[in-house]
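S.K.: curious how this folds, go ahead:
(one chain, ligands or ions: 1)
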Amino acid sequence: MQFRPFNPPVRTLMGPGPSDVHPRILEAMSRPTIGHLDPAFIQMMEEVKTLLQYAFQTKNELTMPVSAPGSAGMETCFANLVEPGDQVIVCQNGVFGGRMKENVERCGGIPIMVEDTWGEAVDPDKLETALKANPEACIVAFVHAETSTGAQSDAETLVKLAHQYDCLTIVDAVTSLGGTPIKVDEWEIDAIYSGTQKCLSCTPGLSPVSFNERALEKIRNRKQKVQSWFMDLNLVMGYWGGGAKRAYHHTAPINALYGLHEALLMLQEEGLENAWARHQKNHLALRAGLEAMGLTFIVNEGDRLPQLNAVSIPEGVDDGAVRSRLLNEYNLEIGAGLGALAGKVWRIGLMGHASRAENILLCISSLEAILSEMGADISQGVAIPAMQKALAQA
Ligand SMILES: *Cc1c(COP(=O)(O)O)cnc(C)c1O
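M.R.: Below you'll find the predicted structure:
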């Protein structure tokens, strides 16, 4: 069989990630590869760390990207902080909390689950009840922005509660970083991880993490070595934190890091607050259009993530048929429901570079065209004016 170079179709990515990658980032990634201990590269790594501190709003020295996707950032946090026998409270309100439980178990820890309804924020009262009932617990873990449902939890309140009961905190900010406020130092988050392919407009494959002094103290005082050689922060820091004396640990994904550097530079140029405001403004415009059409959000208004909009699929509409028509006819990708929400919702992302007015217009108009052709019970001709009005008001 004769193979040819792979030329991907040009899509608009409005799912749960990856989201549209900015052309500046793709261009940066095509620059010449240099050695991972080259002084020029080390200089760039230092800049990535500083820019990440800005994105996370932290002075934490241990702030760097793990060389693997968001799931590896999650695993880095659990592998380093959870020791065999540790009781870890995991608040679950969607798919990703379930993965945290898996991580705790695989590290030899004992997960204590606090379950919330999917589509709702984590309930601080339930967390407090669990903290009171489990005085031995030493870590609380939760997902700030549940991409599987579109619900946002109150990270500041949950972290404060955890600290009142002497627990460290692990926060999943894969979908929140760059899209909604995250203030690591002000909120006193102990360990946090994110991803590059959601609101940072970058390609998938890296996971920014940050650890504060309290978290590092627990890691330093471990009785056993971290089970994972690759993720052991004591070893990784010899490379990322070694200053001039940097030692080889693994070969950094050089060009991927050029991309992250460019993405973080763009975030700094836009300004974090402006990026948060842009995500919110575009969410309101998308929402106005979808609701005018007659679609309903599954998350209560106060808990909605601007960058991930989960709406119910109208009665009698074939989920898969709509999504494949969007992809084939309009080059538009939106997300399917995950886990308990499979077949029930669409997840429309407005993340990073994808959070733009032209994407909202494409999404609303193509969805309206397809749904009305299929005979779905929606209001026609009102969504775009509603979206325009919302954009003009913002
Ligand atoms: C996407 C996502 C992850 C996993 O990130 P990958 O890069 O796919 O490994 C973890 N948590 C949340 C909340 C996510 O949205």
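
S.K.: where does the stretch 251-394 of the chain get nearest to the ligand, which residue?
M.R.: Relative to the ligand, the nearest point of the stretch 251-394 of the chain is L308 (8.0 Å; C-beta to the nearest ligand atom). In short, each C-beta sits where N, CA and C put it, glycine included.

S.K.: surely that residue meets G150?
M.R.: Yes: judged on C-beta atoms under 8 Å, L308 makes contact with G150 at a distance of 4.4 Å.

S.K.: now for those two: what residues contact both?
M.R.: Residues touching both L308 and G150 (C-beta atoms under 8 Å, 6 or more residues apart in numbering) are R347.

S.K.: give me every residue that touches K281.
M.R.: So K281 contacts L391, A394 (C-beta under 8 Å, 6+ apart).

S.K.: report how many residues lie close to the residue of the stretch 251-394 of the chain closest to the ligand.
M.R.: If you count neighbours by other C-beta atoms under 10 Å, L308 ends up with 31.

S.K.: ok, the residue of the stretch 201-350 of the chain found nearest the ligand to L326 distance?
M.R.: Going by C-beta to the nearest ligand atom, the ligand is nearest to P204 of the stretch 201-350 of the chain, at 5.5 Å. Using C-beta to C-beta, to the nearest Å, we find P204 at a distance of 21 Å from L326.

S.K.: residues from the chain in reach of the ligand?
M.R.: Residues of the chain that fall close to the ligand, judged by C-beta under 6 Å from any ligand atom: 17, 69-71, 74, 96, 143, 147, 172, 174-175, 195, 204.

S.K.: start and end of stretch 298-311, how far apart?
M.R.: Length of stretch 298-311, first residue to last, C-alpha to C-alpha, to the nearest Å: 6 Å.

S.K.: return the set of buried residues in that stretch.
M.R.: By 16 or more other C-beta atoms under 10 Å, the buried positions in stretch 298-311 come out as I298, V299, D303, R304, L305, P306, Q307, L308, N309, A310, V311.

S.K.: give me the three-state assignment for the second one.
M.R.: If I follow you right, that is V299. coil (DSSP: H, G, I helix; E, B strand; the rest coil).

S.K.: contact partners for it?
M.R.: Applying C-beta under 8 Å, 6+ apart, the residues contacting V299 are G119, E120, T149, G150, A151, L305, A310.

S.K.: could you do I360 as well?
M.R.: Here I360 is in contact with N282, A285, L286, G289, L350, M387, L391 (C-beta under 8 Å, 6+ apart).

S.K.: and it, that one's in a helix?
M.R.: Yes: looking at I360 with three-state DSSP, it is inside a helix.

S.K.: what is the burial count for E368?
M.R.: 23.

S.K.: check the gap between it and R220 for me.
M.R.: Taking C-beta to C-beta, one finds E368 at 57 Å from R220.

S.K.: ok, K160 next?
M.R.: As for K160, its distance to R220 is 25 Å (criterion: C-beta to C-beta).

S.K.: neighbour count: those two, which is higher?
M.R.: Using other C-beta under 10 Å as the criterion, K160 and R220 rank with K160 on top: 14 against 9.

S.K.: residue of the chain closest to the ligand, please.
M.R.: Closest point on the chain to the ligand, by C-beta to the nearest ligand atom, is G70, at 2.5 Å.

S.K.: contact partners for that residue?
M.R.: V174, Y193, S194, G195, Q197, K198, S207.

S.K.: out of the residues you listed, which is nearest to V317?
M.R.: K198 (26.9 Å; C-beta to C-beta).

S.K.: got phi/psi on the closest one?
M.R.: phi -110, psi -100 (degrees, to the nearest 10).

S.K.: correct me if wrong: it contacts G17.
M.R.: Yes: if you go by C-beta under 8 Å, K198 and G17 touch, sitting 4.4 Å apart.

S.K.: quick check: neighbours shared by the two?
M.R.: Shared contacts of K198 and G17, counting by C-beta under 8 Å, 6+ apart, come down to T147, V174, T175, G349, M351.

S.K.: looking at the residues you listed, which are in helices?
M.R.: Nothing among these maps onto helices, per DSSP state H.

S.K.: which pair in those spans the largest distance?
M.R.: V174 and G349 (12.4 Å).

S.K.: which one of the two has more residues nearby?
M.R.: G349 (30 against 27).

S.K.: wait, isn't that one in contact with Q307?
M.R.: Yes: shown here, G349 and Q307 form a contact pair, counting by C-beta under 8 Å, at 6.3 Å.

S.K.: what do the two both touch?
M.R.: K198.

S.K.: coming back round to it: who's more crowded, K198 and G17?
M.R.: A direct count of neighbours by other C-beta under 10 Å for K198 and G17 places K198 higher, at 29 against 24.

S.K.: who touches the more buried one in this structure?
M.R.: By C-beta under 8 Å, 6+ apart, K198 lies in contact with 16-19, 70, 147, 174-175, 177-179, 307, 349, 351-352.

S.K.: now do the longest helix anywhere in the chain: distance to the chain's middle.
M.R.: In the chain, assigned by DSSP H, the helix with the most residues is helix 272-293. Computed by C-alpha atoms, centre = their mean, to the nearest Å, the chain-centroid distance of helix 272-293 equals 18 Å.

S.K.: and if you look at stretch 316-324?
M.R.: The answer for stretch 316-324 is 26 Å, by C-alpha atoms, centre = their mean.

S.K.: make residue 1 into 659 and carry on from there
M.R.: From this message on, residue numbering opens at 659, which makes the last subject stretch 974-982.

S.K.: mean confidence for the longest helix of the chain?
M.R.: For helix 930-951, the mean pLDDT works out to 98.

S.K.: then stretch 896-914?
M.R.: On average, stretch 896-914 scores 85.

S.K.: and if you look at stretch 810-824?
M.R.: 98.

S.K.: and that stretch, what's buried?
M.R.: Under the neighbour-count criterion of 16+ other C-beta under 10 Å, stretch 810-824 has Q810, S811, D812, A813, E814, L816, V817, L819, A820, Y823 buried.

S.K.: save the residues you listed as CSV, and put in secondary structure and distance to V740 too.
M.R.: Shown next, in CSV, are the buried residues of stretch 810-824 (DSSP: H, G, I helix; E, B strand; the rest coil; distance: C-beta to C-beta, whole Å):
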residue, secondary structure, distance to V740
Q810, strand, 25
S811, coil, 21
D812, coil, 24
A813, helix, 20
E814, helix, 23
L816, helix, 18
V817, helix, 18
L819, helix, 19
A820, helix, 15
Y823, coil, 17
